[in-house]
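A.B. asks: Let me see the structure of the following:
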Amino acid sequence: MSEAGHAPWWMGAASLAGAGVLNALGATWRIESSGFQTWVDGPMSGGRCIFALWHARLLPLAYTHRRRGVVLLVSRHRDGEIIARVIERLGYLTVRGSSTRGGEASLRAMVALAGGHSLGITPDGPRGPREQLKPGVVALASLTGLPVVPVAAADSGAWVLRSWDSFRVPRPFARIVVAHGDPIHVPPSLSAAETEAWRQRIEAALHEHTRQVRERAGEAA
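C.D. replies: Numbering: from 1, shown residues only. Prediction:
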């Protein structure tokens with residue numbers, strides 16, 4: 001559900017090329033996954049959830065979870081349109097916007113789709129601070145009743161971009177470890193203090209889960 005608007009003429013070709021490069025790169029990775037099957041089949045197995053992942057580790061997860069109808073929240077920033085188009089070619093649905101600043105419409109759209117899809121959100125995006133969880137994922141979990149599942153990917157070697165999040169692009173033939181953490185069930189109708197408590201709980205769980213995955217992969221600091 002990305003918004004085409006007045007996209008440049010080259011956007012379609014660029015998104016096709018981007019999806020092709022990711023598929024080709026991903027085909028070379030040596031992927032080890034755990035906790036995967038419980039969640040990736042979505043409504044077919046009753047395993048719908050909200051995947052929570054740090055923005056820097058998005059790329060291998062975009063590959064491993066492709067073609068399963070997951071709904072991703074993609075920012076309205078300038079680079080958001082090309083990202084949305086690339087991941088849609090990989091079989092994702094997208095909602096454009098933010099889970100925090102002016103994001104009420106985006107949250108409503110995600111809630112509306114939660115009845116038939118798993119959702120995905122990078123709670124430190126779109127511009128950081130890096131690995132600091134924003135409260136939008138708590139609101140989304142509280143409204144939908146879906147559990148938050150921390151998910152992380154780590155690698156044996158990657159190109160690290162000079163971006164706000166030190167975005168990682170695993171190298172060809174890298175070992176990739178993907179793991180899903182224990183589901184976190186957020187209750188409905190939270191007060192501000194309760195929302196903050198759940199925000200801290202999910203952030204701590206995602207940090208710890210990411211640490212464990214990095215250790216398993218032997219990822220350098």
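
A.B. asks: Next SSE downstream of the helix or strand of the chain with the lowest mean pLDDT?
C.D. replies: Within the chain, no helix or strand scores below helix 37-40, which has a mean of 63 by mean pLDDT, DSSP states H and E. Of the helices and strands lying after helix 37-40 in sequence (DSSP states H and E), the nearest is strand 50-52.

A.B. asks: Would you map the helices across this protein?
C.D. replies: 11-26, 37-40, 58-64, 80-89, 104-113, 136-144, 192-217 (DSSP state H).

A.B. asks: most neighbours per residue, which of the ones you listed?
C.D. replies: Mean neighbour count (mean count of other C-beta atoms under 10 Å) peaks for helix 136-144 among those, with a mean of 23. Every residue, glycine included, has its C-beta placed from N, CA and C.

A.B. asks: Also compute the angle for that helix relative to helix 104-113, please.
C.D. replies: 50 degrees (axes from the mean of the first three to the mean of the last three C-alpha atoms, to 10 degrees).

A.B. asks: CA atoms only for helix 136-144, dumped as PDB, please.
C.D. replies: C-alpha atoms of helix 136-144 as PDB (Å, rounded to 0.1, in the frame of the first residue of the first chain):
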ATOM      1  CA  GLY A 136       4.800   3.100  18.800                       C
ATOM      2  CA  VAL A 137       5.400  -0.600  18.900                       C
ATOM      3  CA  VAL A 138       3.800  -0.800  22.400                       C
ATOM      4  CA  ALA A 139       0.700   1.100  21.100                       C
ATOM      5  CA  LEU A 140       0.500  -1.200  18.100                       C
ATOM      6  CA  ALA A 141       0.700  -4.400  20.300                       C
ATOM      7  CA  SER A 142      -1.800  -3.000  22.800                       C
ATOM      8  CA  LEU A 143      -4.300  -2.100  20.000                       C
ATOM      9  CA  THR A 144      -4.000  -5.300  18.000                       C
END
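
A.B. asks: Name the residues that touch it?
C.D. replies: With contact meaning C-beta atoms under 8 Å, 6 or more residues apart in numbering, helix 136-144 is reached by 50, 52, 98-100, 103, 107, 110-111, 114, 119, 121, 123, 146-148, 184-190, 195, 198-199, 202.

A.B. asks: Narrow those residues to those that are buried.
C.D. replies: Buried members of the contacts of helix 136-144, scored by 16 or more other C-beta atoms under 10 Å, are 50, 52, 98-99, 103, 107, 110-111, 114, 119, 121, 123, 146-148, 184, 186, 190, 198-199, 202.

A.B. asks: for this protein, which spans come out with low pLDDT?
C.D. replies: In the predicted model, the chain carries pLDDT under 70 at residues 1-7, 9, 36-46, 77-80, 98-103, 221.

A.B. asks: so what's H207 closest to, chain neighbours aside?
C.D. replies: Spatial nearest neighbour of H207, chain neighbours left out: E131 (6.9 Å); criterion: C-beta to C-beta, 6 or more residues apart in numbering.

A.B. asks: quick revisit: quick one, which of the helices of the chain gets closest to R175.
C.D. replies: helix 192-217 (6.3 Å; C-beta to C-beta).

A.B. asks: tell me what that closest one is packed against?
C.D. replies: Applying 3 or more C-beta pairs under 8 Å, 6 or more residues apart in numbering; DSSP states H and E, one finds that helix 192-217 contacts helix 136-144, strand 148-155, strand 175-180.
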